[in-house]
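Enquirer: missing the sequence, but the structure's below:
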């Protein structure tokens, strides 16, 4: 799989070149086919949609594809704080089938100190042994060096670790609180969808669609939450549907996390986004051909309850 790793490194070098001047990195997927030919796709769309599509592409490789890489912009939390990072997911196929995720933290080009790349992190390893990781990573580095501009950036604009003052301001919600916050969209879904006694396919599809809506992504924290859950929506819905959860109590916890960690204006913005999510889910279960009320009385009562729990009028 050394040629797949080299391909992944080459496209990573291309990503270095893109962000080194302050350009927004458009998510890309690179492929290597069985004949050794490379090709690249760019996904110039909403961030959540791009992440979902990129993850799907590298998870469903065709028979004539040896491997793929998905490269996108994101964040990583280091000891120095929350920092910009390039996220690289390498999908290997064949005898050594597996996944490797790397992250390259970096200092944004608009920073007063200018652009800098920081030490590479291995953040996910599936189906690849730690013994093989070093050899495969060496081929990954070879691929970076094969991209002239990427190699020069790595040579001239590398700083092993970011200074604490270089890190981006964090939302203040990390660890267990953030993991709890990731449940918020699912809690809203179940409170609204269960109001009519059933959950239908249309509501599930609408839920996934609405999560990608710019109106729902009204705050950086909401973007971060949705980015973390968008690729596991079906599995998470199945898991929560069979668990013994008091959705209202859990939503109260969400409210407390928001109000404790965020300025009141920001907490209010996210609460409104969650209520809007509920309204959009309820609208998905309207009557045929658009006749009648889009939201029935039970769903409206559920929405009123959600508003009350979140402290919204």
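Expert: Thanks, I have the structure now. Predicted model only: the values in this text are computed from it and were never measured.

Enquirer: so which bits of the top helix by length along the chain are buried?
Expert: Secondary structure of the chain per DSSP state H: the longest helix is helix 264-283. By neighbour count on 16 or more other Cβ atoms under 10 Å, the buried set for helix 264-283 is 266-283. Any C-beta I mention is one placed from the backbone N, CA and C, and that applies to glycine too.

Enquirer: stretch 156-163 now?
Expert: 157, 159, 162.

Enquirer: contacts for it next, please.
Expert: Contact partners of stretch 156-163, identified using Cβ atoms under 8 Å, 6 or more residues apart in numbering, comprise 20, 78, 80, 83, 105, 107, 114, 115, 116, 117, 118, 119.

Enquirer: the residues you listed, buried ones only, as a PyMOL selection?
Expert: Of these, the buried ones can be selected in PyMOL as follows, counting by 16+ other Cβ under 10 Å:
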select buried, resi 20+78+83+105+107+115+116+117+118
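
Enquirer: gap between the longest strand along the chain and the chain center?
Expert: When the chain is parsed with DSSP state E, its longest strand is strand 65-78. How far strand 65-78 lies from its chain's middle: 10 Å, per Cα atoms, centre = their mean, to the nearest Å.

Enquirer: quick check: mean pLDDT across the next helix or strand after that strand?
Expert: Counting by DSSP states H and E, the next helix or strand C-terminal to strand 65-78 is strand 81-92. Per-residue pLDDT over strand 81-92 has a mean of 88.

Enquirer: same thing with stretch 155-174?
Expert: For stretch 155-174, mean pLDDT is 74.

Enquirer: end to end, how far does it reach?
Expert: Chord length of stretch 155-174, first to last residue, is 33 Å (Cα to Cα, to the nearest Å).

Enquirer: also stretch 151-161?
Expert: Using Cα to Cα, the two ends of stretch 151-161 sit 19 Å apart.

Enquirer: chain center to that stretch: distance?
Expert: With Cα atoms, centre = their mean as the basis, the mean position of stretch 151-161 lies at 26 Å from the chain mean.

Enquirer: which element follows the host helix or strand of residue 237 toward the C-terminus?
Expert: Using DSSP H and E, residue 237 sits within helix 233-241. Per DSSP H and E, the first helix or strand lying C-terminal to helix 233-241 is helix 247-261.

Enquirer: okay, the angle between that next one and helix 233-241?
Expert: 110 degrees (axes from the mean of the first three to the mean of the last three Cα atoms, to 10 degrees).

Enquirer: could you list every helix and strand in contact with helix 247-261?
Expert: helix 175-181, helix 184-193, helix 264-283, helix 297-310 (3 or more Cβ pairs under 8 Å, 6 or more residues apart in numbering; DSSP states H and E).

Enquirer: now do the longest one against helix 297-310, angle only.
Expert: Between the axes of helix 264-283 and helix 297-310, defined by the same axes, to 10 degrees, the angle is 170 degrees.

Enquirer: hmm, who's touching helix 264-283?
Expert: 184-185, 188-189, 191-193, 195, 203, 206-207, 210-211, 213, 215-219, 221-222, 254-255, 258-259, 262, 294-295, 299-300, 302-303, 306-307, 310-312.

Enquirer: ok, now the second one?
Expert: Residues external to helix 184-193 that are found in contact with it (Cβ under 8 Å, 6+ apart): 199, 203, 207, 211, 225-226, 229, 236-237, 240-241, 245, 247-248, 250-251, 254, 274-275, 277-278, 281-282, 285, 299, 302-303, 305-306.

Enquirer: wait, isn't residue 142 in contact with residue 9?
Expert: Yes: contact status for residue 142 versus residue 9: in contact at 6.3 Å, counting by Cβ atoms under 8 Å.

Enquirer: any of the contacts of helix 184-193 buried? List them.
Expert: By 16+ other Cβ under 10 Å, the contacts of helix 184-193 give 199, 203, 207, 211, 225-226, 229, 236-237, 240, 247, 250-251, 254, 274-275, 277-278, 281-282, 285, 299, 302-303, 305-306 as buried.

Enquirer: quick one: strands adjacent to the longest strand of the chain?
Expert: Paired neighbours of strand 65-78 in the sheet (DSSP bridges): strand 28-33 (antiparallel), strand 81-92 (antiparallel).

Enquirer: in that strand, what counts as buried?
Expert: Result for strand 65-78 [16+ other Cβ under 10 Å]: buried residues 65-78.
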